[in-house]
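In: I'll drop the sequence and a predicted model, then ask my questions.
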Amino acid sequence: MIGLVDGNNFFVSCERVFNRHLVGRPVAVLSNNDGCCVSRSNEFKALGIPMGTPYFKLREREESGELAFYSSNYELYGDISRRIVSILRDEAFDVEQYSIDEAFIYPPTSAAEDYDAYGRRLRAKLLRWVGIPCGIGFARTKTLAKIANHIGKKRPDGVFTMPDDPTDILASLPSNEVWGVGRRLPAKLRAMRIVTARHLRDAPDDTLRAIGGVALLRTAMELRGIPCHDERDYDAVPDSVSCSRSFGTPATTIEALEESLASFASQAAAKLRRHGLLASGCNIYAQTFASGGGGEVLGRTIAFNRPTDATNEIIRAFHGEVAALFIPGIRYRKTGIVFFGLEKPCEPRQQELFPAPPPTFGDAPSEPSRLYKAIDSINARFGRGKVFSAAEGVGQRPWQMKSAKLSKRASTRWDELPIVH
């Protein structure tokens with residue numbers, strides 16, 4: 001049996017952990033640059049305001065006190081997610097984190113006697129220790145566990161175990177709501193009269209292959225109770241690693257482009273190190289501002305002298321190319337970096353005839369950076385950005401995202417800890 005633990009309205013629930021005045025109120029968390037609603041409380045949903053509604057359309061209702069909004073506080077959400085997964089690892093045989101607010105768990109053998117009771121105990125512990133309400137669903141496969149989780153969220157105890165024969169449940173579920181059915185497939189499925197999850201489960205294999213290939217067939221097999229998804233489906237080595245952001249204020253100077261690209265390169269390089277990967281090169285780009293949206297995208301491709309995950313080497317490699325992206329008098333709305341040619345340090349590779357001299361920090365060529373491993377450790381302990389490259393800017397950064405409604409990072413910053421009076 002597999003379980004799926006999913007935090008209810010996760011971003012909003014994280015905000016409520018340290019601000020109890022938000023409990024019972026219609027609250028939404030906004031996307032990057034405070035653009036639109038990406039997480040809504042149940043009270044907010046009850047007002048009929050759909051996901052993705054732009055903030056500017058709701059500003060008057062905030063000013064009247066009817067609604068409350070917060071900027072995305074990813075540092076807070078990430079830390080609370082880490083705490084939840086830590087508890088799950090103590091209570092389950094194994095844990096596979098799927099996203100910031102979801103994780104698949106393999107319950108201990110003792111839970112087989114009563115999965116509902118096990119789920120209720122686990123849910124109560126998460127609520128008591130972390131403060132996040134969760135839905136928990138159990139089933140024979142991950143796809144069925146996803147469905148069970150959605151049912152559990154609507155139950156008073158928040159837990160549901162899929163019966164051995166889920167036919168009635170699948171018959172009432174639209175096929176486009178099944179995990180693994182992409183946006184382009186519903187129309188093709190309807191054309192073949194595959195309307196419900198039950199229809200999808202019972203469709204002939206050849207028909208499913210013709211509509212959505214092997215991926216759709218695997219989804220159908222999961223609905224039949226045959227496990228087909230494993231950890232590699234969502235935890236595989238990525239083909240690329242990237243980081244990009246829209247500016248809070250349009251950038252008009254080359255310094256802003258350089259600082260933003262250095263900052264995004266630092267964040268993307270940290271992702272490389274978390275995956276244990278080295279990059280062979282990168283693409284950098286800048287998007288110009290257009291009042292109607294879009295805008296021209298200018299880019300450059302840089303190949304590194306050797307595969308690396310060291311932020312200073314990466315910034316040094318592309319620094320001289322930023323000038324090619326800058327046009328005086330043009331406003332820029334976004335920059336970004338994409339790493340390519342990713343490889344594990346132990347993988348065999350073509351050796352260079354004239355290798356570059358080793359770096360000054362003592363790391364051997366094409367090995368993970370010990371310097372940045374130490375820096376990552378410091379930032380993980382004392383808060384993101386405690387140690388950073390001067391190339392990211394040491395003064396005001398007007399290009400940074402708007403976060404006018406950012407709450408305190410109460411679990412990761414000493415100077416933002418809650419004060420009890």
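Out: On my side now, so go ahead. Note that the coordinates shown come from a computational prediction; the quantities given were computed from them, not determined experimentally.
In: In the stretch 51-200 of the chain, mark out all the helices, start to finish.
Out: Applying DSSP state H, counting those that start in this stretch to the stretch 51-200 of the chain gives helices spanning 59-63, 74-91, 115-129, 142-153, 167-171, 185-191, 197-202.
In: would JSON lines of the ones you listed with distance to V214 and mean neighbour count be doable?
Out: Glycine gets a C-beta too; all of them are placed from N, C-alpha and C. Formatted as JSON lines, these follow (distance: least, C-beta to C-beta, whole Å; neighbours: other C-beta atoms under 10 Å):
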{"stretch": "helix 59-63", "distance to V214": "47", "mean neighbour count": "12"}
{"stretch": "helix 74-91", "distance to V214": "30", "mean neighbour count": "18"}
{"stretch": "helix 115-129", "distance to V214": "31", "mean neighbour count": "17"}
{"stretch": "helix 142-153", "distance to V214": "15", "mean neighbour count": "24"}
{"stretch": "helix 167-171", "distance to V214": "21", "mean neighbour count": "14"}
{"stretch": "helix 185-191", "distance to V214": "13", "mean neighbour count": "15"}
{"stretch": "helix 197-202", "distance to V214": "15", "mean neighbour count": "22"}
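In: continuing past the helix or strand of the chain with the lowest mean pLDDT, what's the next helix or strand?
Out: Ranked by mean pLDDT, DSSP states H and E, the weakest helix or strand in the chain is helix 232-235, scoring a mean of 48. As assigned by DSSP states H and E, the chain's next helix or strand after helix 232-235 is strand 241-251.
In: could you give me the average pLDDT of that following strand?
Out: Taken as a whole, strand 241-251 has a mean pLDDT of 87.
In: swap in stretch 94-113?
Out: Rounded mean pLDDT across stretch 94-113 is 91.
In: what's the answer for stretch 188-205, then?
Out: According to the model, stretch 188-205 has a mean pLDDT of 95.
In: residue ranges with poor pLDDT in the chain?
Out: Applying pLDDT under 70 to the chain picks out residues 230-239, 291-294, 346-367.
In: Spell out which residues make up each domain of it.
Out: 1-143, 163-236, 241-392 (automatic domain parsing).
In: Ok, which of the ones you listed comes nearest H421?
Out: domain 1-143 (13.8 Å; C-beta to C-beta).
In: For the domains of the chain, give me a markdown table that also has distance to A410.
Out: Shown next, in a markdown table, are the domains of the chain (distance: least, C-beta to C-beta, whole Å):
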| stretch | distance to A410 |
| --- | --- |
| domain 1-143 | 5 |
| domain 163-236 | 29 |
| domain 241-392 | 12 |
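In: nearest to L417, of those?
Out: Nearest to L417, of the domains of the chain and by C-beta to C-beta, is domain 1-143 at 9.6 Å.
In: tell me the contacts of the closest residue to L173 other than its chain neighbours?
Out: Closest residue to L173 apart from its sequence neighbours, by C-beta to C-beta, 6 or more residues apart in numbering: A197 at 4.2 Å. A197 sits next to 147, 169-171, 173-175, 177-178, 223 when contact means C-beta atoms under 8 Å, 6 or more residues apart in numbering.
In: Please work out how many residues are found near S99.
Out: Counted with other C-beta atoms under 10 Å, the neighbours of S99 add up to 11.
In: Bridge partners for it, pull those for me.
Out: E102 (DSSP bridges).
In: Could you check how far it is from A68?
Out: 25 Å (C-beta to C-beta, to the nearest Å).
In: cool, P250 as well?
Out: With C-beta to C-beta as the criterion, P250 and A68 are 29 Å apart.
In: ok, for L76, nearest residue in space, not its chain neighbours?
Out: Nearest to L76 is R409, by C-beta to C-beta, 6+ apart, at 5.1 Å.
In: ok, now which ones touch the one you found?
Out: 73, 75-76, 79, 383, 416.
In: So which elements touch the helix ranked longest in the chain?
Out: Longest helix in the chain by number of residues, with DSSP state H as the criterion: helix 254-275. The contact analysis (3 or more C-beta pairs under 8 Å, 6 or more residues apart in numbering; DSSP states H and E) places helix 254-275 against strand 241-251, strand 279-288, helix 311-319, strand 332-340, helix 370-382.
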